[in-house]
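Engineer: I need the structure of the sequence given here:
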Amino acid sequence: MKISNTVHTIIAIGLMALTSCSSKEKKEEALVKDSAINVTVAMPIGSGNETLNFSGQVVAAQTANISTRAMGYITKLNVKVGDHVSKGQVIGTISNNDMMAKRGQTDAMIAEANAALASAKKDYDRFTALYKQQSASAKELDNATLQYNAVKAKADAAKEMRNEVNAMLEYTTLIAPFSGTVTQKFVDAGSIANPGMPIVAIEQNDSYELSASVPETDINAIKTGETVAVIIKSANKSFKGTVTQINQSSQYSGGQYMIKVSIPEAEKKGLYAGMYANLSLEKPNTNKGEMSKVMVPTSSIITKDDLTGLFTVSANNTALLRWVRLGQTIGANVEVISGLEKNEQFILSSEGKLYNGVAVNLKK
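Structural biologist: Model (predicted):
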């Protein structure tokens with residue numbers, strides 16, 4: 001009887017212990033579940049398209065190097081680099097004392113020629129009248145006519161000389177051909193200007209576009225009017241442009257064909273000529289047997305020193321950091337060359353800080 005009571009007591013204690021352990025495990029599981037980080041998972045994006053990538057620069061659609069055909073000292077330069085100028089604005093002047101002297105000489109020559117012309121005209125009119133009255137011979141009329149024509153030619157030549165001097169005088173005043181910004185100043189006031197020597201450079205305002213070089217292996221795949229994805233890292237800009245021009249010759253560009261890509265007006269603010277840009281153009285993949293690329297959003301990539309990785313979900317529903325090797329970036333996505341299969345899930349975003357082994361809860 002005593003033995004039976006003892007057995008019953010032992011069994012009761014065992015049941016209580018089992019119940020207590022089970023209750024504790026459930027509480028721990030509930031605690032883990034409550035502390036798990038909510039995450040959103042996604043599958044890699046398969047890209048069956050071929051992506052052509054090029055490097056380019058922001059350039060002004062219209063630029064001008066302001067120079068002169070006259071030789072002389074630069075007496076004044078009214079601008080500096082970064083100044084905005086308007087069309088027709090005087091940028092600078094070049095000494096023109098010698099040309100003013102030449103214009104004075106031509107004015108004197110014209111006055112002399114006009115006086116001689118007036119005298120020759122009187123003789124011509126008089127001999128014409130006398131010839132009609134048969135009071136002068138035909139030879140005398142011919143001589144008066146030749147004299148008049150010769151003096152008239154000299155007067156015309158003197159006038160053309162003055163026009164030439166006036167034209168040269170215009171080159172001693174530097175005028176902005178269009179509204180823009182001064183980007184370079186090659187010389188300062190006091191320097192000697194030589195014919196054809198650039199003095200300042202101007203870029204037209206709000207005329208930025210992209211210039212990119214394309215190898216001959218890819219030039220046939222590009223057509224005017226196609227859309228190009230553009231990333232300018234220095235300006236933190238990403239937008240779509242349009243191919244507006246394709247140079248058909250690479251003779252003067254080292255075997256590279258130059259293309260021009262437009263920039264939307266809203267994206268031109270904050271850009272400067274010379275900024276580097278990455279351009280990409282997607283084309284349908286003609287090789288049907290080629291595997292699709294594994295693409296993931298760049299926002300899901302973790303960077304540590306020179307390593308790149310992303311988080312996946314383990315069989316135990318914990319975060320697992322996976323180091324991967326990346327390829328080219330296309331818009332907001334980046335290619336994963338190795339480290340992630342195309343049918344393998346990865347963590348797209350989380351509501352807390354992720355680390356190796358932390359419990360995660362997959363959001364529905």
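Engineer: which helices and strands does the longest helix seen in the chain pack with?
Structural biologist: Longest helix in the chain, counting residues (DSSP state H): helix 97-132. Helices and strands touching helix 97-132, by 3 or more CB pairs under 8 Å, 6 or more residues apart in numbering; DSSP states H and E, are helix 138-170. All C-beta atoms are positioned from the backbone trio N, CA, C, and that covers glycine.
Engineer: For the longest helix of the chain, buried residues please.
Structural biologist: Residues 99, 102-103, 106, 109-110, 113, 116-117, 120, 123-124, 127, 131 are the ones in helix 97-132 that count as buried (16 or more other CB atoms under 10 Å).
Engineer: Over to stretch 242-258?
Structural biologist: So stretch 242-258, judged by 16+ other CB under 10 Å, has buried residues 243, 247, 250, 257-258.
Engineer: if we can go back for a sec, between the buried residues of helix 97-132, which sits nearest Ser55?
Structural biologist: Ser55 has its nearest neighbour among the buried residues of helix 97-132 in Met99, at 48.3 Å by CB to CB.
Engineer: what's the closest one in contact with, if anything?
Structural biologist: Going by CB atoms under 8 Å, 6 or more residues apart in numbering, Met99 touches 70, 165, 168-169, 172.
Engineer: and what of Val294?
Structural biologist: Here Val294 is in contact with 44-46, 335-337, 340-342 (criterion: CB under 8 Å, 6+ apart).
Engineer: Pull out the buried members of those residues.
Structural biologist: Buried members of the contacts of Val294, counted by 16+ other CB under 10 Å: 44, 335-336, 340.
Engineer: Which one among the buried residues of stretch 242-258 sits at the bottom for pLDDT?
Structural biologist: Confidence by pLDDT is poorest for Ser250 among the buried residues of stretch 242-258, given 80.
Engineer: so what's Lys240 up against?
Structural biologist: By CB under 8 Å, 6+ apart, Lys240 lies in contact with 227-230, 264.
Engineer: Any idea how many residues pack against the nearest residue to Ile66 once chain neighbours are set aside?
Structural biologist: Nearest residue to Ile66, sequence neighbours excluded (CB to CB, 6 or more residues apart in numbering): Val200, at 4.9 Å. Neighbour count for Val200, taken as other CB atoms under 10 Å: 25.
Engineer: what bridges to Val200?
Structural biologist: Ile66, Lys185 (DSSP bridges).
Engineer: Pick out the residue closest to the middle of this structure.
Structural biologist: Val58 (1.7 Å; CA atoms, centre = their mean).
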